[in-house]
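**Q** Sequence and predicted structure, then a few things I'm wondering about:
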Amino acid sequence: MSTPGRIEGRYYDGQQPAGSAATLVLGGRDAALIGERVAGHFAVRALRVSPRTGNADRFIAFPNGGQLQCADGVLLDRLPHEVKSEGIVAWLEQRVAVAVVCIVFVFAALGAGYVYGLPRVADYAAARIPIETEQGLGAHALAWLDEHGWFGPTEIDKDAETLIRDRFARLHADLPLAAHYRLEFRDAPKIGANAFALPGGTIVITDQMIDAADSLDEVLAVLAHEIGHVERRHTMRHLLRDSATAALVATVTGDAASLSVAVATIPALLARAKYSRDFETEADDFGFALLRRHDISPAAFASLMERLSEKHSFPTNRRA
């Protein structure tokens, strides 16, 4: 323990990792260092004391490169301090309330970036991805789903399939992405009545959804809703947002596995994707306007959704 005129601690010579007990005896302008393996005299003005950082030990630097580690105390205030200021970190450590406010601000900024910034960046990127790139991803996703038993060959009557394809073609004929649409029929007893859009314009509708419809208009209403997802690039925007989140987590945590897993499961994510309420509203508005242009009442969509909901056989996120 330090006493008036004496500062006790451990001396490190800068060459050996282990320190040794030592005492610094302060005189007027001179100081004497006495220890187990060290002895010397120094001018007080040649010494330098490290900045105060909370309750941590401090260091007295000597001209020969050695340092004395010692407890903080008022005696150290008599010695010259390092020229540099204590810095913002030391300043914050002595002002806990300010430090807490700063931490809260940082987390708030990160949260705002995640909630508002990330979607904007993902949407910007999605709008600039070539449709051919999206089509490749969509084709890969559908092939993966087929190979892994999500779907089986459609069992819909060929005449009914031909009629639906014909009316579907008319439905999207004058749209910006008309040339890129592709309608796929699949039997999906495990998934049930459903329809979803893959990147690039591929729309999959299950036999179970067609069986659940009471009319061709109800089938077309479901397809119009999915067309809305395609035209608004919802699938790609949703995928980029999720992928960006995975990349952010992998970057922050250093866990590359989280990113590789996310990429490997993209096909399944596309099939199970739960669009945001905003995306669903956009698809509804687009689909309803499209139906009206083709003299089909939007009520057909509402009727089918209500019936499926009552049967508890349709996903609660209203995927179609």
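**A** Cool, the structure landed.

**Q** right, and E226 touches A197 too?
**A** Yes - using Cβ atoms under 8 Å, E226 is in contact with A197, at 4.6 Å. Backbone N, C-alpha and C define where each C-beta goes, glycine included.

**Q** When these two are compared, which one has more neighbours?
**A** More neighbours surround A197 than the other of E226 and A197, with 30 against 26 (other Cβ atoms under 10 Å).

**Q** Would you confirm that that one contacts V230?
**A** Yes - here A197 reaches V230: they are 5.0 Å apart, a contact under Cβ under 8 Å.

**Q** Common neighbours of these two, please.
**A** Each of I203 lies in contact with both A197 and V230 under the rule Cβ atoms under 8 Å, 6 or more residues apart in numbering.

**Q** one step back: what sits in contact with each of E226 and A197?
**A** In contact with both E226 and A197: I203, using Cβ under 8 Å, 6+ apart.

**Q** Within the helices and strands, which one has V230?
**A** Here V230 sits within helix 216-231, counting by DSSP states H and E.

**Q** for the record, mean pLDDT for that helix?
**A** For helix 216-231, mean pLDDT rounds to 96.

**Q** Show me where the stretch 51-200 of the chain has its helices.
**A** For the stretch 51-200 of the chain, the helices defined by DSSP state H, counting those that start in this stretch cover 87-93, 96-112, 118-127, 131-147, 158-172.

**Q** and the residue nearest to A32 when sequence neighbours are not counted, what helix or strand is that in?
**A** Nearest residue to A32 in three dimensions, chain neighbours excluded: V25, at 4.5 Å (Cβ to Cβ, 6 or more residues apart in numbering). Element membership of V25, judged by DSSP H and E, is strand 20-26.

**Q** Tell me the helices and strands packed up against that strand.
**A** Using 3 or more Cβ pairs under 8 Å, 6 or more residues apart in numbering; DSSP states H and E, the elements in contact with strand 20-26 are strand 6-12, strand 30-35, strand 67-70.

**Q** Just checking: what are the partner strands of that strand?
**A** On the basis of DSSP bridges, the sheet neighbours of strand 20-26 come out as strand 6-12 (antiparallel), strand 30-35 (antiparallel).

**Q** Could you export those strands as TSV, including mean neighbour count?
**A** Below are those laid out as TSV (neighbours: other Cβ atoms under 10 Å):
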stretch	mean neighbour count
strand 6-12	19
strand 30-35	17
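
**Q** follow-up on the earlier one: would CSV of the helices and strands packed on strand 20-26 with distance to L216 and mean pLDDT be doable?
**A** What follows is those, written out as CSV (distance: least, Cβ to Cβ, whole Å; pLDDT from 0 to 100):
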stretch, distance to L216, mean pLDDT
strand 6-12, 86, 92
strand 30-35, 96, 90
strand 67-70, 85, 93
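
**Q** Compare those and report which one is nearest to R128.
**A** Closest of the helices and strands packed on strand 20-26 to R128 is strand 67-70, at 56.7 Å (criterion: Cβ to Cβ).

**Q** Tell me the gap between the closest one and the middle of its chain.
**A** Offset of strand 67-70 from its chain centre (Cα atoms, centre = their mean, to the nearest Å): 45 Å.

**Q** contacts for stretch 36-48?
**A** 11, 13, 20-22, 26-33, 60-64, 66, 78-82.

**Q** Counting neighbours, which of these end up buried?
**A** Y11, A22, L26, A31, L33, I60, A61, F62, G66, L79, H81 (16 or more other Cβ atoms under 10 Å).

**Q** Show the backbone phi and psi for the closest residue to E82 other than its chain neighbours.
**A** Distances taken as Cβ to Cβ, 6+ apart place R48 nearest to E82, at 5.2 Å, with adjacent residues excluded. The phi/psi pair for R48 (degrees, to the nearest 10) reads phi -140, psi 130.

**Q** I'd like to know how far R48 sits from F301.
**A** R48 is 78 Å from F301, where distance means Cβ to Cβ, to the nearest Å.

**Q** These two: which has the busier surroundings?
**A** Remark: of R48 and F301, F301 carries more neighbours, 23 against 16, as counted by other Cβ under 10 Å.

**Q** Can you tell me the SS state at the more buried one?
**A** helix (DSSP: H, G, I helix; E, B strand; the rest coil).

**Q** right, and it touches F286 too?
**A** No - checked against Cβ under 8 Å, the pair F301 and F286 is beyond contact range at 11.9 Å.

**Q** so what's in contact with these two at the same time?
**A** Overlap of the contact sets of F301 and F286 (by Cβ under 8 Å, 6+ apart) consists of A224.

**Q** A213 and R307 touch, don't they?
**A** No - A213 is beyond contact range of R307, at 9.0 Å (criterion: Cβ under 8 Å).

**Q** Give me the residue ranges of the stretch 101-250 of the chain where confidence is low.
**A** The stretch 101-250 of the chain contains residues with pLDDT under 70 at 102, 109-119, 121-122, 242-250.
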